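Trainee: Okay, sequence plus prediction incoming.
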Amino acid sequence: MLVKSRVQKFFGACQSIKIKMIQIHFRNCVRFDQGISRAFYRSGMPYCFQNSANQRCFSTPQVAFQPDVQPRHEPFGQLRAQREGGRFICKLHACGEVFIIWAMSEINHSDHPANDAGGRASPDAAGLAALASAIRQWASELGFSALSIGEAGLLPDVGEGLRRWLAAGCHGDMHYMIRHAHLRMHPAELMPNVSRVISARMHYWPDATPAAEVLANGALGYVSRYALGRDYHKTVRTRLQKLAERIIRAAPASTRVFTDSAPVFEVEFAQRSGLGWRGKHTLLIARDSPRSSGSCFFLGEIFIDLPLPVDAPVSSHCGRCSACLPACPTGAIIAPYRLDARRCISYLTIEHPGSIPEPLRPLIGNRIYGCDDCQLVCPWNRHTPQSVEKDFAVRNGLDCASLVSLFAWSEAEFLQRMAGSAIRRIGHERWLRNIAVALGNAPHSPERDAALRARAGDSSALVREHVSWALVRQGGENSPASAAHSAMQDCRASHIS
């Protein structure tokens, strides 16, 4: 559904508005609600329009119509609208694919405080508790390993911590962190009337070549285990949306789904609602049982306007352990619970668009997309469960591919092989940049040298610069272990801006 320009006037005045319907069947009913929000959201409509709908008291779902203006179909439209929980608009003119609504009315929520537009009563305390229990069951059926429910409000110290982190420049080139800081600290700006945040996690650790084995072989490229399969945004978001739709069918509610796709304090919400505790590496750690624990899972959230019963937080179980701090190859964990993204290999190989600072290149070793070192040394990950999700299974042999073979991919081959992968979004240029650094750290071999020389005249200045750096590294300095050892002290002492 596409709504033409100046659509916001639609929410304040019941005047004509042109609405273009895409591939609509004449028997279909179209709803506007916030609910207008859900219809707009599914169509990619900017959230400001959803917000306007909500503020103007269009409830869920309140309006329905069918684009057949012949009088004989009006009774059917009324019945269909009632069955769908909406209201029929009788004056409708059609011109090709453009439909013009000439009449519309608003609903005052206060007239029906306990019911939605379909006549369903809002659950009482017992009903909300039963619904929360059902949500957990549905989440399990959809493949989530655990789910928790928490308050939507954030404590002031959370926002203050974010402001200090940004002021120190720890976000690097992630300028969206500054642009969206206000939204991150005020969840109601993302969804008006949000009352609870449902946090869910899904394990991703695949059946793959052991990480330590790949990291020890400098001729192979190490890809963070979460990125070996399908893009988690697609999988987790689809499951969350199914869960949200199930909730809506069961109770009068408005929801909005997030999967690392909006300024949301994911770990903070998950921690406060007992889904786990924040580790000193800043990631969430969970302990489901003595044989199932760790931090190798994805997080996703559902914002909801129902006052569901909340879960209590769990205590931290890191104790005096600080194994993750010295394990970071670049010293990015500058203190417990504090990460400087500018030093983080995941940031440098994924988020950072430009040249990787030279003092950090030897420390990256053969990591070409992301880094798992702080998780690999965490004692809680000794019992991390292997994912059963087929979407997260290894694709393209990326769990133990040779750097030389990956470096030979053309852009067309990269795009084709990485279709549906989270890696695709960094683009071919950054992919080559990362591999050039890894080849510079790799053991000497004729194949390595030939691969680098073949890219010495690459059309990208960024790639050429990193290839040139890699070519000058000679002899024993090419060992990832020795390179990391010799450069660590200099890197830690320097300020990387």
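Mentor: Thanks, I have it.

Trainee: Mind giving me the packing neighbours of the helix or strand containing Ala126?
Mentor: Ala126 belongs to helix 125-141 when assigned by DSSP states H and E. In terms of contacts (3 or more C-beta pairs under 8 Å, 6 or more residues apart in numbering; DSSP states H and E), helix 125-141 is packed against strand 146-151, helix 232-250. All C-beta spots, glycine's among them, are computed from the backbone N, C-alpha and C.

Trainee: can I get those in TSV with distance to His182 and mean pLDDT?
Mentor: Shown next, in TSV, are the helices and strands packed on helix 125-141 (distance: least, C-beta to C-beta, whole Å; pLDDT from 0 to 100):
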stretch	distance to His182	mean pLDDT
strand 146-151	19	97
helix 232-250	23	95
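
Trainee: Highest mean neighbour count out of the ones you listed?
Mentor: With neighbours defined as mean count of other C-beta atoms under 10 Å, the helices and strands packed on helix 125-141 peak in mean count at strand 146-151, which reaches a mean of 22.

Trainee: Name the residues that touch that strand?
Mentor: 132, 135-136, 139-140, 196-201, 269-270, 272-275, 286, 288, 308-311 (C-beta atoms under 8 Å, 6 or more residues apart in numbering).

Trainee: So which of those residues sit within helices?
Mentor: Using DSSP state H, the subset of those located in helices is 132, 135-136, 139-140, 269-270, 272.

Trainee: per the record, what domains does the protein have?
Mentor: Residue ranges for the domains of the chain, per automatic domain parsing: 2-111, 125-304, 339-383+396-493.

Trainee: on that earlier part again, could you give the mean pLDDT of the helix holding Ala126?
Mentor: Mean pLDDT, helix 125-141: 96.

Trainee: re earlier: need the max-distance pair from the ones in helices among the contacts of strand 146-151.
Mentor: Using C-beta to C-beta, the two most remote members of the ones in helices among the contacts of strand 146-151 are Ser140 and Arg272, lying 21.6 Å apart.

Trainee: neighbour count winner among those two?
Mentor: A direct count of neighbours by other C-beta atoms under 10 Å for Ser140 and Arg272 places Arg272 higher, at 22 against 13.

Trainee: And that one, how far from Thr349?
Mentor: Look at Arg272 and Thr349: by C-beta to C-beta, to the nearest Å, they are 31 Å apart.

Trainee: And for Asp391?
Mentor: From Asp391 to Thr349 the distance is 22 Å (C-beta to C-beta).

Trainee: These two: which has the busier surroundings?
Mentor: When Asp391 and Thr349 are compared for neighbours, Thr349 comes out ahead with 26 against 20, by other C-beta under 10 Å.

Trainee: right, and that one touches Arg367 too?
Mentor: Yes. Using C-beta atoms under 8 Å, Thr349 is in contact with Arg367, at 6.7 Å.

Trainee: Strands along the stretch 151-300 of the chain, start to end?
Mentor: Assigned by DSSP state E, counting those that start in this stretch, the strands in the stretch 151-300 of the chain fall at 196-203, 222-223, 255-258, 277-278, 284-289, 292-294, 297-304.

Trainee: Among those strands, which comes closest to Tyr232?
Mentor: Nearest to Tyr232, of the strands of the stretch 151-300 of the chain and by C-beta to C-beta, is strand 297-304 at 4.8 Å.

Trainee: Can I get the next helix or strand after the closest one in PDB? Just the C-alpha atoms.
Mentor: Remark: after strand 297-304, the chain's next helix or strand is helix 324-327, criterion DSSP H and E. Extracted in PDB, the C-alpha atoms of helix 324-327 (Å, rounded to 0.1, in the frame of the first residue of the first chain):
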ATOM      1  CA  CYS A 324      37.900 -12.000  27.900                       C
ATOM      2  CA  LEU A 325      40.000  -8.800  28.500                       C
ATOM      3  CA  PRO A 326      43.500 -10.100  27.700                       C
ATOM      4  CA  ALA A 327      42.100 -12.400  25.000                       C
END
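
Trainee: Can you mark which positions in helix 324-327 are buried?
Mentor: Residues 324-325 are the ones in helix 324-327 that count as buried (16 or more other C-beta atoms under 10 Å).

Trainee: Which strands or helices does that helix pack on?
Mentor: Counting by 3+ C-beta pairs under 8 Å, 6+ apart, helix 324-327 packs on strand 333-335, helix 373-376.

Trainee: Identify the neighbouring strands of the first one in the sheet and state each direction.
Mentor: The sheet places strand 333-335 alongside strand 338-339 (antiparallel), with pairing taken from DSSP bridges.

Trainee: Which residues does the strand it pairs with contact?
Mentor: Strand 338-339 is contacted by residues 165, 170, 281-282, 332-333 when judged by C-beta under 8 Å, 6+ apart.

Trainee: Mind giving me the ChimeraX select for those residues, buried ones only?
Mentor: Buried residues among the contacts of strand 338-339 (16+ other C-beta under 10 Å), as a ChimeraX selection:
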select :165,170,281,282,332,333
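
Trainee: Check the contacts of strand 338-339 against Val404 and report the nearest one.
Mentor: Ala332 (28.2 Å).

Trainee: Just the pLDDT for the closest one.
Mentor: Confidence score, pLDDT, at Ala332: 98.

Trainee: Span of stretch 404-419 from start to end?
Mentor: Criterion C-alpha to C-alpha, to the nearest Å; first-to-last residue distance in stretch 404-419 is 21 Å.

Trainee: Quick check, central residue of this protein?
Mentor: Taking C-alpha atoms, centre = their mean as the criterion, Asp260 is the residue nearest the geometric centre of the chain, at 2.0 Å.

Trainee: Now do the contacts for that one.
Mentor: 232-233, 266, 298-300 are the contacts of Asp260 under C-beta under 8 Å, 6+ apart.

Trainee: Can you add distance to Arg433 and give those residues back as CSV?
Mentor: Putting the contacts of Asp260 into CSV (distance: C-beta to C-beta, whole Å) gives the following:
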residue, distance to Arg433
Tyr232, 23
His233, 23
Glu266, 28
Phe298, 26
Leu299, 29
Gly300, 30
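
Trainee: Which of the residues you listed sits closest to Leu376?
Mentor: Phe298 (17.7 Å).

Trainee: how about the closest one, what does it touch?
Mentor: Applying C-beta under 8 Å, 6+ apart, the residues near Phe298 are 201-202, 204, 226, 232, 236, 259-260.

Trainee: now, among the residues you listed, which is nearest to Ser421?
Mentor: Tyr232 (10.0 Å).

Trainee: Distance check, the closest one against Ala419.
Mentor: Taken as C-beta to C-beta, the span from Tyr232 to Ala419 is 15 Å.

Trainee: Please apply the same query to Leu154.
Mentor: 37 Å.
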